[in-house]
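> need a structure here:
(chains A and B)
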Amino acid sequence: MEPITGQEHARRSADEALMRRILDGDEAALGTLYDRYGGLVYSIANRILRDTGAAEEVLQDIFHQIWRTAARFDFERGSLSAWLLVMARSRSIDRLRRRSIVTTEEAEPSNMALRAEWDLETAAAQNQMIAQVRKALEALPEAQRQAMELAYFEGLTQTEIASRTGDPLGTVKTRIRAAIASLKKALGV
Amino acid sequence: MNGHLQFEEDLELHALGVLDGDDKASVEAHLAGCAECRAKLAGARSRMAILGLAAPPSAPGPRVRERVLQDFRSRRGAGAPSPAATPIRRRPSRWAPLWAMAAVVLLAAAGWLRFENRRLSLQLDELEAEHQQLVANNRQFAAESARAQAALEVLTAPDTVKVELTAAAARPVPHGKAFYNASRGLIFYATNLAALPAGRTYELWLIPSQGAPVAAGLFNSDSHGNGEVVLPSLPQGVTAKAFAVTIERAGGVPAPTGPKVLIGATS
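Next up, the predicted model:
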């Protein structure tokens, strides 16, 4: 299990403090949280759905869920930013493919024991992390990168990817496993 | 824990949502019965979620922020349920008979809690053992790390002397000497000979000016690598042009076949 850095503690407590204020009915706190993470959530939804209206609806739904479930969020076990990234993708894929990749039970904040090894609190930190993820993806061989993008942003399964690219299923499986191993190494997660 | 190692990679594939068919079914079947892997799945989701940052940055319209806040204002104000603030109401006395039933439920709950307590304390023991193992691993790592550091210091210290060492002595080269007199006979000795494996022998050959080599005696090296052939019987009227030593099978052969160890001409 990875050690939690001081910075991570600070960020967690900042998000947690905002959530407590939201629970107390503080509208400004929800606004601050939206300003912090709204762009990230929207960018993922917009990339997956390629429809600004639909992406905005996903964003709105997720922020609705934040304040509805704020009391059940467990900051000892999870991080809000990672939960938001997971939800942005899963809600968008649900909408695009009519297929759930995260069950209702798993989507409960109290059950989502995420650890964000990454600091996404400020725009500067987010930009730095965005550059790092892009660089890691670009470093992959073309076929691996294509398979990962079809999986992550198009929500395709391995069989669907094989069918889309015309490659044997075994090749697609190997590519995805190799890509995940390389990305984990490059990103240190 | 060992049973799940292979499975961690599958958890990432599951989190990514690429599994289907039998692959998906087997992961889901495992997850249904494995709390440990269900807990790890959240970590896998987190690792995969980071890839979302590769999405090109874009911004929602400003009205979305207002809709989010408006939604919060209206539903919050309308008394949306808050799990933390659910009021506890006092029941009227006509519900009193239910207390008996509640007592039965509480007794059952007490029994369950005792069982749960025992299960948790077993879990605690397991965690304690795991903790001890981690402490031991940590101690071993610290010792190895200190040793590596000490080695590095020897290599980098300015007063460290570097000494080149080579093999203590070159492998001794076999050497032979033949004292040959066509009319009186031959005396041959050799030094630095390698010991031969069982079933092998050195064989001395007289190579005449004309014709095939003539066998001039068999010998083996002693424990110091020395060997000799003294006054072997040689055919009459043959004059040597050279001498050679080969390695042959025990008992010797009529004509040289094995590797040549020594050779020397008479003049």
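
> and the nearest residue to A:Glu138 once chain neighbours are set aside, what does it touch?
Counting by CB to CB, 6 or more residues apart in numbering or on different chains, A:Arg145 is the residue found nearest to A:Glu138 once chain neighbours are left out, at 7.2 Å. In this view, the C-beta of every residue, glycine as well, is placed from N, C-alpha and C. If a contact means CB atoms under 8 Å, 6 or more residues apart in numbering or on different chains, then A:Arg145 has A:Leu137, A:Glu138, A:Ala179 as its contacts.

> mind checking which helix or strand of chain A has the lowest mean pLDDT?
Using mean pLDDT, DSSP states H and E, helix A:104-107 stands out as the lowest-scoring helix or strand of chain A, at a mean of 67.

> Give the ChimeraX command for selecting the buried subset of the contacts of A:Arg145.
Buried members of the contacts of A:Arg145, defined by 16 or more other CB atoms under 10 Å in any protein chain shown, are picked up in ChimeraX with:
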select /A:137,179
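
> Show me where the stretch 51-200 of chain B has its helices.
B:62-77, B:98-156 (DSSP state H, counting those that start in this stretch).

> Is the first one positioned near chain A?
Yes - figure legend: helix B:62-77 in contact with chain A (CB under 8 Å from any CB of the partner chain); contacting residues B:Val64, B:Arg65, B:Arg67, B:Val68, B:Leu69, B:Asp71, B:Phe72, B:Arg73, B:Arg76.

> ok, now how distant is the residue nearest to A:Glu138 from A:Tyr152?
11 Å (CB to CB, to the nearest Å).

> Surely B:Leu218 forms part of a helix?
No - assessed with DSSP: H, G, I helix; E, B strand; the rest coil, B:Leu218 is strand; it does not lie in a helix.

> from what I can see it touches B:Thr201, true?
Yes - B:Leu218 sits in contact with B:Thr201 when judged by CB atoms under 8 Å, with a separation of 4.9 Å.

> Quick check: neighbours shared by those two?
With CB under 8 Å, 6+ apart, B:Leu218 and B:Thr201 have common neighbours B:Glu248, B:Gly251, B:Gly252.

> Run a quick neighbour tally on B:Ala215.
Using other CB atoms under 10 Å in any protein chain shown, B:Ala215 has 17 neighbouring residues.

> ditto for B:Glu8
Using other CB under 10 Å, B:Glu8 is surrounded by 13 other residues.

> residues near the closest residue to it other than its chain neighbours, how many?
Using CB to CB, 6+ apart and skipping the chain neighbours, the partner closest in space to B:Glu8 is B:Lys40 (6.5 Å). B:Lys40 has 19 neighbours, counted by other CB under 10 Å.

> List the contacts of A:Leu150.
Counted by CB under 8 Å, 6+ apart, A:Leu150 has contacts A:Leu156, A:Glu160, A:Ile161, A:Arg164, A:Thr165.

> Any idea how far whatever helix or strand the residue nearest to B:Glu8 lives in is from the middle of the chain?
Assessed by DSSP states H and E, B:Lys40 sits inside helix B:35-49. In terms of CA atoms, centre = their mean, to the nearest Å, the centre of helix B:35-49 is set 28 Å apart from its chain centre.

> now, which of the contacts of A:Arg145 sits nearest B:Ala54?
Of all these, B:Ala54 sits closest to A:Leu137, with 5.3 Å by CB to CB.

> Checking that closest one next. Helix, strand or coil?
Going by three-state DSSP, the secondary structure assigned to A:Leu137 is helix.

> which ones are touching it?
Residues in contact with A:Leu137, defined by CB under 8 Å, 6+ apart, are A:Arg145, A:Met148, A:Glu149, A:Leu183, B:Leu51, B:Ala54.

> want to try TSV for the residues you listed, with distance to A:Val58 and pLDDT as columns?
Putting those into TSV (distance: CB to CB, whole Å; pLDDT from 0 to 100) gives the following:
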residue	distance to A:Val58	pLDDT
A:Arg145	25	97
A:Met148	21	97
A:Glu149	19	96
A:Leu183	24	95
B:Leu51	17	94
B:Ala54	18	95
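
> How is chain B partitioned into domains?
B:2-49, B:103-154, B:175-265 (automatic domain parsing).

> do the same with chain A
According to automatic domain parsing, chain A comprises the domains A:6-120, A:125-187.

> which secondary element of chain B has the worst mean pLDDT?
helix B:98-156 (a mean of 70).

> how near is B:Asp10 to B:Lys40?
Here B:Asp10 is placed at a distance of 10 Å from B:Lys40 (CB to CB).

> Buried residues in the helix holding B:Lys40, which are they?
The neighbour-count check on helix B:35-49 (16+ other CB under 10 Å) flags B:Cys37, B:Arg38, B:Lys40, B:Leu41, B:Ala42, B:Gly43, B:Ala44, B:Arg45, B:Ser46, B:Arg47, B:Met48, B:Ala49 as buried.

> helices or strands next to the top helix by length along chain A in the packing?
If you go by DSSP state H, chain A has its longest helix at helix A:27-49. Using 3 or more CB pairs under 8 Å, 6 or more residues apart in numbering or on different chains; DSSP states H and E as the contact definition, the elements that helix A:27-49 packs against are helix A:6-23, helix A:52-69, helix A:80-97, helix B:62-77.

> Now do the last one: everything it contacts.
Read it as helix B:62-77. Contacts of helix B:62-77 (CB under 8 Å, 6+ apart): A:22, A:25, A:27, A:30-31, A:34-35, A:38, A:42, A:56, A:59-60, A:63-64, A:67.

> Scan those residues and report the most crowded one.
Of all the contacts of helix B:62-77, the highest neighbour tally under other CB under 10 Å goes to A:Leu59, namely 30 neighbours.

> what about the closest residue to it other than its chain neighbours, distance to B:Val18?
Of all residues not flanking A:Leu59 in the chain, A:Tyr42 sits nearest, at 4.8 Å (CB to CB, 6+ apart). Separation of A:Tyr42 from B:Val18 (CB to CB) stands at 25 Å.

> re earlier: possible to save the shared contacts of B:Leu218 and B:Thr201 as CSV with neighbour count, secondary structure and pLDDT?
Formatted as CSV, those follow (neighbours: other CB atoms under 10 Å in any protein chain shown; DSSP: H, G, I helix; E, B strand; the rest coil; pLDDT from 0 to 100):
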residue, neighbour count, secondary structure, pLDDT
B:Glu248, 22, strand, 94
B:Gly251, 9, coil, 91
B:Gly252, 14, coil, 92
